[in-house]
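Novice: Would you be able to build a 3D model of this:
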Amino acid sequence: MPRPDAVVIGSGPNGLVAANLLIDAGWSVLVLEAQQTLGGAVQSDSAVHPDYVHDTFSAFYPLAHGSPTIRGLGLDKYGLEWAHAPATFGTPFADGRWALQHHDKQDTAASLDALCPGDGAAYLDLVRIWERIGDQIVGSLLSPFPPVKHGLGAALRVSSAGGLSLVRTMLAPLRSMVDERFRGVEAKMLFGGNAVHADIAMDAPGSGLMGLLLVMLGQTVGYPVPVGGAGRLTQALANRFTAQGGEIQLGTRVVEVLVKDRRATGVRTEDGDVVEAGRAVLADVSAPALYGGLVHPDHLPSRVRAKMADFEWDPGTIKVDWAMSGPVPWASKPPVDPGTVHLAESIDEIAQAQLEIKNEAVPARPFLLIGQMAVADPGRAPAGGEALWAYTHVPHTTRSDAGDGGITGRWDRDDCERMADRMQARLEAFAPGFADRVVARRVLGPRDMQELDENLVNGALNGGTSNLHQQLVFRPVPGLGRAETPVKALYLASASAHPGGGVHGACGSNAARAALAHHRVRSVVHGARRSG
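Specialist: Coordinates of the predicted model:
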């Protein structure tokens, strides 16, 4: 193709969102993807068993469904259809109880009140606050920093939504937030289980906001899945893009961003080909990959190179997929089947696993995030079967195994299978006879994940830690809290940029909008110079 206006490196959801927004603005856009498949961490396959569809990485998408950017793309016209499980998420307990979020807030409150009187009213109080200010909070979190429009909207609503009490709630650690509002462990675990989707400790600021955000999104937009697999979301983004003339090249690895006079002019591929970019280069790659390889050090300020040495990843991940002949045989069947299951019985149990990871130990009793995909989308498995997965976090560097001592942290095939056995035993304690229904199993360790998607370094799912020291103006490093980079016309469009991990498209949207805005400014300046 002729020289495109923009080259986008990577076809993950952020890269494809950016590509769509640029082509909507009339730019010509080329997406270059190193892998032979689209989607980054939003893919599905039938590699576990040909009769089952498993999501290779991410699976449930409250942030995508709640994202103004992704909603605004009208992906239903390009083949995307959402499905919901009968209940959003839940936590089982050894004595047979279940904490569940139902689709109707009154049903959620009633179920919590039945477990611990008073917790239902406390839950509805949080929902009412969210209904007043939630859209502004989501908008602020997903906007470029500082979020002027949504930040002002949130400020105007704070008083009616609880004033300083609300601000305190959002800043509080998860443990403090739930202990102040709820008496029962069940309600606390609805929030605690969701908070662990990020890597923030239960006693650290930010964990409360993460738990509140995901619980309230679940109550308002649900935890939907794409009908037919996560790959359908990717394909809809790609279909929309190519329908407008965009081009995608798979199996094309970019090894260098070309810079001239401190400005990105294009890229060089592994095959030695040079692709010029007329206006911008957008990189849906990790910050360490961009600043530690794709851009030559000579083109970066020394302070940026020094700060990148302190970039912190979120923990690694082990993911297990099971093709099952029947549903999960829970010891106590929940009254309504949830799509997502959080397996831990207390905040203390979650905190202990997090502490072990921080101390570079493999958790003895790992927290499990579980997806019952056929519960949400029956077409994922043969009639009566289940396409199940679970993942848990592990340290990047392992010094010990807090369990039986048999896992070394090399994450070779033996290590991965041992960890999968530990996870399966944990699950089977709540679902006796589980193993008898397993038709096939796949284990993806940290190395496997990185091989399938280079952004998932050792299985780090969020593009870097979600802790406050590496968020907002500190993401990916202090001073680079926006999509802009020290190289003109080069933009960071991955989860390593603000606002971070999750399939919401905001990182790609922020990068595309920055590229468009800067090009408009340059056009005005150049026009003024010519007229002068």
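
Novice: for the record, mean pLDDT for stretch 37-52?
Specialist: The pLDDT scores in stretch 37-52 average 97.

Novice: One more: stretch 430-447?
Specialist: 98.

Novice: ranges for the strands of the stretch 1-150 of the chain?
Specialist: Listed in chain order, the strands of the stretch 1-150 of the chain (DSSP state E, counting those that start in this stretch) span 6-9, 29-32, 44-45, 54-55, 82-83, 87-92, 98-101.

Novice: who wins for proximity to Gln244 among those?
Specialist: Among the strands of the stretch 1-150 of the chain, the nearest to Gln244 by C-beta to C-beta is strand 29-32 (9.0 Å). (Each C-beta comes from the backbone N, C-alpha and C, glycine too.)

Novice: Give me the contacts around the closest one.
Specialist: 1, 4-11, 15-16, 19, 22-23, 241, 246-249, 252-254, 267, 269, 275 (C-beta atoms under 8 Å, 6 or more residues apart in numbering).

Novice: next one: stretch 350-368
Specialist: Applying C-beta under 8 Å, 6+ apart, the contact partners of stretch 350-368 are 175, 192-193, 195-196, 199, 201-203, 315, 341-344, 349, 390-395, 397-403, 407, 409, 419, 422-423, 426-427.

Novice: from the residues you listed, which would you call buried?
Specialist: 175, 192-193, 195-196, 199, 201-202, 315, 341-344, 349, 390-395, 398, 401-403, 407, 409, 419, 422-423, 426-427 (16 or more other C-beta atoms under 10 Å).

Novice: Domain boundaries for this structure, per the record?
Specialist: 6-36+250-311+463-531, 44-62+90-97+222-227+315-461, 104-221 (automatic domain parsing).

Novice: Quickly compare the strands of the stretch 1-150 of the chain and say which is most buried.
Specialist: strand 6-9 (a mean of 28; mean count of other C-beta atoms under 10 Å).

Novice: and that one, what other elements does it pack with?
Specialist: helix 13-24, strand 29-32, strand 263-269, strand 280-283 (3 or more C-beta pairs under 8 Å, 6 or more residues apart in numbering; DSSP states H and E).

Novice: again, only this time at 6 Å
Specialist: helix 13-24, strand 29-32, strand 280-283 (3 or more C-beta pairs under 6 Å, 6 or more residues apart in numbering; DSSP states H and E).

Novice: Number of residues surrounding the spatially closest residue to Phe434 that is not a sequence neighbour?
Specialist: Using C-beta to C-beta, 6 or more residues apart in numbering and skipping residues adjacent in sequence, the residue nearest Phe434 is Glu428, 4.3 Å away. Counted with other C-beta atoms under 10 Å, residues neighbouring Glu428 total 16.

Novice: Likewise for Thr465?
Specialist: For Thr465, using other C-beta under 10 Å, the count is 21.

Novice: tell me which element the nearest residue to Ala25 once chain neighbours are set aside is part of?
Specialist: In space, and not counting its chain neighbours, Ala25 is closest to Leu516: 5.5 Å by C-beta to C-beta, 6+ apart. Taking DSSP states H and E as the definition, Leu516 sits inside helix 506-531.

Novice: pLDDT of that helix, averaged?
Specialist: For helix 506-531, the mean confidence score works out to 83.

Novice: That one: which residues count as buried?
Specialist: Buried-residue list, helix 506-531, by 16+ other C-beta under 10 Å: 506-516, 518-519.

Novice: From the contact counts, what lies against it?
Specialist: helix 13-24, strand 490-492.

Novice: Try it again at 8 Å.
Specialist: Short answer (3+ C-beta pairs under 8 Å, 6+ apart): helix 506-531 packs on helix 13-24, helix 119-142, strand 280-283, strand 490-492.

Novice: Report the inter-axis angle for that helix versus helix 119-142.
Specialist: Relative orientation of helix 506-531 versus helix 119-142 (axes from the mean of the first three to the mean of the last three C-alpha atoms, to 10 degrees): 30 degrees.

Novice: what are the phi and psi angles of Leu444?
Specialist: Per-residue torsions, Leu444: phi -110, psi 110 (degrees, to the nearest 10).
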